[in-house]
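>>> next comes the sequence, and after it the predicted model I'd like to discuss.
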2 protein chains.
Amino acid sequence: MTLLVVGSVALDSLETPFGQKEDVLGGSATYFSTSASFFVPARVVAVVGEDFPEAHLSFLKGRGIDLEGLTRQPGRTFRWKGRYGYELNEATTLDTQLNVFQTFSPDLPAAYRDTPYVFLGNIHPELQSRVLDQVRSPKLVAADTMNFWIKGSREALLKTLERVNLLFVNDAEARQLAGEHNVVKAARAILRMGPERVVIKRGEYGALLFDKEHVFACPAFPLAEVFDPTGAGDTFAGGFMGMLATSAVGVDSSMLRRAMVMGSVMASFTVEKFSLERLREVTRPEIQARFAEFRTLTHFDDLGPLER
Amino acid sequence: MTLLVVGSVALDSLETPFGQKEDVLGGSATYFSTSASFFVPARVVAVVGEDFPEAHLSFLKGRGIDLEGLTRQPGRTFRWKGRYGYELNEATTLDTQLNVFQTFSPDLPAAYRDTPYVFLGNIHPELQSRVLDQVRSPKLVAADTMNFWIKGSREALLKTLERVNLLFVNDAEARQLAGEHNVVKAARAILRMGPERVVIKRGEYGALLFDKEHVFACPAFPLAEVFDPTGAGDTFAGGFMGMLATSAVGVDSSMLRRAMVMGSVMASFTVEKFSLERLREVTRPEIQARFAEFRTLTHFDDLGPLER
């Protein structure tokens, strides 16, 4: 099955304790589609400027990603500059230049309108809704959002959420959106806003998947070296949605849990190097091996009788 | 098999966003032994003052806990007063009165010296070593410690660690002890100090068990209501060690993993009410049911072939 992502394709400048990089490939749709491309063909709706290197487009095409929905417009590409401290869990944004992204309006090519799996990257919730106006009966719609929209465009976001099956947020965003400190209460409040499922990402602590009845907890892979957490959330979503879209039986509980693990697997690779460097070189056997390592990481035997 | 714990028996005063309590039962040895008593008989070495209520001793005896090593001395019982904010993950200590605990010197009754499982609660590392001088070839020695000893009595602590099989620390303590921010590197550094295993507790994010080859990640049980995190770490250790001590086959990987889960199970009960109120009423079927819920919380199926 195919997968559609709407989001940013960007040039990032990063400062971490381990070094810095200027104008490297970034953006939510970039990380998402590259991660998903290990599982299913992905279609991208995004915009870049005249300065966007052709080599980056070749890389994405080389991964089998459909770029019919990626338009090149006059002006400069969206740029983000961020800094990470040793904690590596939250970026300080040093500079954001929207450039061509400022007037981005997602128009789907006709061939994209029947895509069964849709991921609405972190863009204005009204634009997210506009995408949904253009797709016909998708199997599953997932969305990401951020504090900026939760605070500044709450009404529009709540309207979008009514049309979304699954929301990806981090724990701070979940608390802010729900107005609840406790993460379980926050998840339940979000489920009352529309989505049937919510994934709460907790960085190095892993992620939780909530539906109305169950919770699934997936750890993050314990890494001794984390170089650059940029894109980890979108890579997670790409692995998750990509895995889900391989399902022959549709979206069931077993598939959703494996999607959580695959999201964590893919995110664990991304953070090992700058930008998309690790995703460029990772192989399918490496992905399968790390999935198996997640089993070793989490498996325990049944209790047996407690006899005392 | 039996279990020995050396630590504090205290009267706690607690302020949380949900209410406050004065002079309630507390202390590391109290939480630990009560938690462990659901699995094996526990022996306590600790000290209380003249003011310590007889009813608390009756409660502990009623749980089958051996109090031969609990001495009552002239003076007042150790008191701790703490406050938790809405975050509920770190206490602010408002007042500590060591009282009879100030001159505590653990002397083991003769009958305790062959106890196979030993837990050294969070006391001065020299006192922890003194306990080890008195036990004969234990199967497993585990210890807890804290920032105060890591900073102020580092040399003594390092000597104790050489004699310990397993260390329980939280993530901040692990980082401080190892001088490493990354938790995987910190764990590896601690394993070079003596213990063959280290458990890194991360509060609401669960716990990690490291040995030289493997990592096991256990989530915390997602609770919508957390009233009082006091004693969660000692309750975790009590469930962990209690479970381990039920092993007919000794300490193997399968048993250690189940011990991690049981530690999390017991800690998840403790935080649901003030002081030991929840541990007083919890039943073995509830414990078994929650252990089973941890399986639901963490289980995922194998990947199967990735065919794309």
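Sure thing, it's come through. It should be emphasised that the depicted structure is a prediction, and the values quoted were computed from it without experimental measurement. Numbering: from 1, shown residues only, chains lettered A, B, ... in the order given.

>>> now do the contacts for residue A:272.
Each residue near residue A:272 by CB atoms under 8 Å, 6 or more residues apart in numbering or on different chains is listed here: A:223, A:225-227, A:278. All C-beta spots, glycine's among them, are computed from the backbone N, C-alpha and C.

>>> ditto for residue A:91
A:82-84, A:229-230.

>>> quick one, phi/psi of residue A:231?
The phi and psi torsions at residue A:231 (degrees, to the nearest 10) take the values phi 80, psi 0.

>>> need the phi and psi values for the closest residue to it other than its chain neighbours.
Spatial nearest neighbour of residue A:231, excluding adjacent residues (CB to CB, 6 or more residues apart in numbering or on different chains): residue A:31 at 3.6 Å. Dihedral angles of residue A:31 (phi, psi; degrees, to the nearest 10) stand at phi -60, psi -50.

>>> pLDDT and neighbour count for the contacts of residue A:272 - can I get that in JSON lines?
Formatted as JSON lines, the contacts of residue A:272 follow (pLDDT from 0 to 100; neighbours: other CB atoms under 10 Å in any protein chain shown):
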{"residue": "A:223", "pLDDT": "96", "neighbour count": "16"}
{"residue": "A:225", "pLDDT": "89", "neighbour count": "11"}
{"residue": "A:226", "pLDDT": "89", "neighbour count": "21"}
{"residue": "A:227", "pLDDT": "88", "neighbour count": "21"}
{"residue": "A:278", "pLDDT": "97", "neighbour count": "19"}
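
>>> from those, which is closest to chain B?
residue A:223 (6.4 Å; CB to the nearest CB).

>>> I figured that closest one hits residue A:270, correct?
No - using CB atoms under 8 Å, residue A:223 is not in contact with residue A:270, being 10.8 Å away.

>>> re earlier: of the contacts of residue A:91, closest to residue B:196?
Taking CB to CB as the measure, residue B:196 sits nearest to residue A:229 out of those, at 31.6 Å.

>>> doesn't that closest one fall inside a strand?
No - counting by DSSP: H, G, I helix; E, B strand; the rest coil, residue A:229 is not part of a strand but coil.

>>> tally of neighbours for it?
By other CB atoms under 10 Å in any protein chain shown, the residues close to residue A:229 number 22.

>>> check contacts around it.
A:84, A:88-89, A:91, A:203, A:271.

>>> put the alpha carbons of the longest helix seen in chain A into CSV.
Counting residues, the longest helix found in chain A (DSSP state H) is helix A:253-270. The C-alpha coordinates for helix A:253-270 follow below in CSV (Å, rounded to 0.1, in the frame of the first residue of the first chain):
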residue,chain,number,x,y,z
SER,A,253,-3.5,-4.3,17.4
SER,A,254,-0.6,-6.7,16.5
MET,A,255,0.3,-4.5,13.6
LEU,A,256,0.1,-1.3,15.6
ARG,A,257,2.5,-2.7,18.2
ARG,A,258,5.0,-3.8,15.6
ALA,A,259,4.6,-0.4,14.0
MET,A,260,5.6,1.2,17.4
VAL,A,261,8.7,-0.9,17.6
MET,A,262,9.6,-0.2,14.0
GLY,A,263,9.2,3.5,14.6
SER,A,264,11.6,3.2,17.5
VAL,A,265,14.0,1.1,15.4
MET,A,266,14.1,3.7,12.6
ALA,A,267,14.5,6.6,15.0
SER,A,268,17.3,4.8,16.8
PHE,A,269,19.3,4.8,13.5
THR,A,270,18.5,8.4,12.6
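
>>> in it, which residues are buried?
For helix A:253-270, the neighbour count (16 or more other CB atoms under 10 Å in any protein chain shown) marks A:255-270 as buried.

>>> for stretch A:93-110, same thing?
With burial defined by 16+ other CB under 10 Å, the residues of stretch A:93-110 counted as buried are A:99-101, A:104, A:106, A:108.

>>> for stretch A:38-52, same thing?
Applying 16+ other CB under 10 Å to stretch A:38-52 flags A:38-49, A:52 as buried.

>>> again, but for stretch A:214-223
Quick answer for stretch A:214-223 (16+ other CB under 10 Å): A:215-223.

>>> residue A:254 contacts residue B:303, doesn't it?
No - in this structure, residue A:254 is not within contact of residue B:303 by CB under 8 Å, at 11.1 Å.

>>> up against chain B, what does the stretch 101-250 of chain A have?
A:181-185, A:188, A:202, A:204-206, A:208, A:214-219, A:222-226, A:246 (CB under 8 Å from any CB of the partner chain).

>>> show me the residues you listed that map onto helices.
Among these, the members falling in helices (DSSP H) are A:183-185, A:188.

>>> nearest to chain B, of those residues?
Distance to chain B across these (CB to the nearest CB) is lowest for residue A:184, with 4.2 Å.

>>> how about that closest one, what does it touch?
Residues near residue A:184 by CB under 8 Å, 6+ apart: A:210, A:215, B:222-224.

>>> for residue A:12, see how far away the residue most central in space within chain A is.
Centroid-nearest residue in chain A: residue A:234, 2.4 Å away (criterion: CA atoms, centre = their mean). Remark: distance between residue A:234 and residue A:12 (CB to CB, to the nearest Å) = 12 Å.

>>> cool, residue A:208 as well?
Relative to residue A:12, and taking CB to CB, residue A:208 is found at 28 Å.

>>> now do residue A:240
22 Å.

>>> now swap in residue A:242 and tell me
Taken as CB to CB, the span from residue A:242 to residue A:12 is 22 Å.

>>> and residue A:120, by the same measure?
Between residue A:120 and residue A:12 the computed distance is 21 Å (CB to CB).

>>> which one's more surrounded, residue A:240 and residue A:12?
Remark: of residue A:240 and residue A:12, residue A:240 carries more neighbours, 33 against 23, as counted by other CB under 10 Å.

>>> looking at that one now. What's its pLDDT?
Each residue has a pLDDT score; the one for residue A:240 is 98.

>>> which residues touch it?
By CB under 8 Å, 6+ apart, the neighbours of residue A:240 are A:142, A:168, A:199, A:259-260, A:262-263.

>>> need phi/psi at the residue nearest to the centre of chain A.
Torsion angles, degrees, to the nearest 10, at residue A:234: phi -70, psi -30.

>>> hang on, isn't it packed against residue A:146?
No - the pair residue A:234 / residue A:146 is not scored as a contact, 11.5 Å apart, by CB under 8 Å.

>>> flag the shaky bits of the stretch 201-308 of chain A, pLDDT-wise.
Confidence mapping of the stretch 201-308 of chain A against pLDDT under 70 gives the ranges A:307-308.

>>> could you pull out the strands for it?
A:207-210, A:215-218 (DSSP state E, counting those that start in this stretch).

>>> from the contact counts, what lies against the first one?
Using 3 or more CB pairs under 8 Å, 6 or more residues apart in numbering or on different chains; DSSP states H and E as the contact criterion, the elements in contact with strand A:207-210 are helix A:183-191, strand A:197-201, strand A:215-218, helix A:253-270.

>>> also the last one?
With contacts defined as 3+ CB pairs under 8 Å, 6+ apart, the secondary structure elements packing on strand A:215-218 are strand A:207-210, helix A:253-270, helix B:284-298.

>>> and the second one, what other elements does it pack with?
Under the contact definition 3+ CB pairs under 8 Å, 6+ apart, helix A:253-270 sits against helix A:28-36, strand A:197-201, strand A:207-210, strand A:215-218, helix A:232-245, helix A:277-281, helix A:284-298.

>>> which of those is buried the deepest?
helix A:28-36 (a mean of 30; mean count of other CB atoms under 10 Å in any protein chain shown).
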